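no sequence for this one, just the structure:
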């Protein structure tokens, strides 16, 4: 099973690179197919083997004893881009493409440190940033964190803020 997960992760990474780093619209699950609401949701109950930490620990590995002993670190309890991709596939299977897109953007943001996400959130509030600052943030998202879809949203926001007159002067 671990080898199948590794192969699926490699295939997803290669396809993402071929797609210009934008992610994969329907990366296969460990069994080679996209996930479906009826057969796979909720993941923790119906496809438990797919939910893993960034270091490969399973849900069964995450126990209070493991946390208390230090065998599971706090950063291992965070959602992974792969789990968000699985949730995106499930969303698509019930006709919720917008939610699927949100899941994929969230997957991009898992590469951005929490404190930077919070700073970006605050900078995106009206009258908090100049257009140049927003465009620099978009470049950072794209080039430093490979978050190309999120970078494009920030660029779009910069244009909208300019048109509405809500940029910092």
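Sure, I can see it. Since we're looking at a predicted model, the values are computed, not measured.

right, and residue 37 touches residue 94 too?
Yes. At 4.7 Å, residue 37 counts as touching residue 94 under the criterion of Cβ atoms under 8 Å. Heads up, the C-betas are built off the backbone N, CA and C, glycines and all.

more neighbours: which of the two?
residue 37 (16 against 12; other Cβ atoms under 10 Å).

tell me the contacts of that one?
90, 93, 94 (Cβ atoms under 8 Å, 6 or more residues apart in numbering).

helices - which of those land there?
Using DSSP state H, the subset of the contacts of residue 37 located in helices is 90, 93.

neighbours of residue 81, just the number please.
Residues near residue 81, counting by other Cβ under 10 Å: 21.

again with residue 70
7.

list the contacts of it.
Neighbours of residue 70 in contact, by Cβ under 8 Å, 6+ apart: none.

does the residue nearest the centre of the chain belong to a helix or a strand, and which?
Taking Cα atoms, centre = their mean as the criterion, residue 107 is the residue nearest the geometric centre of the chain, at 0.4 Å. Per DSSP states H and E: residue 107 is located in helix 97-109.

next one: that helix to chain centre, how far?
Taking Cα atoms, centre = their mean, to the nearest Å, one finds the center of helix 97-109 at 6 Å from the center of the full chain.
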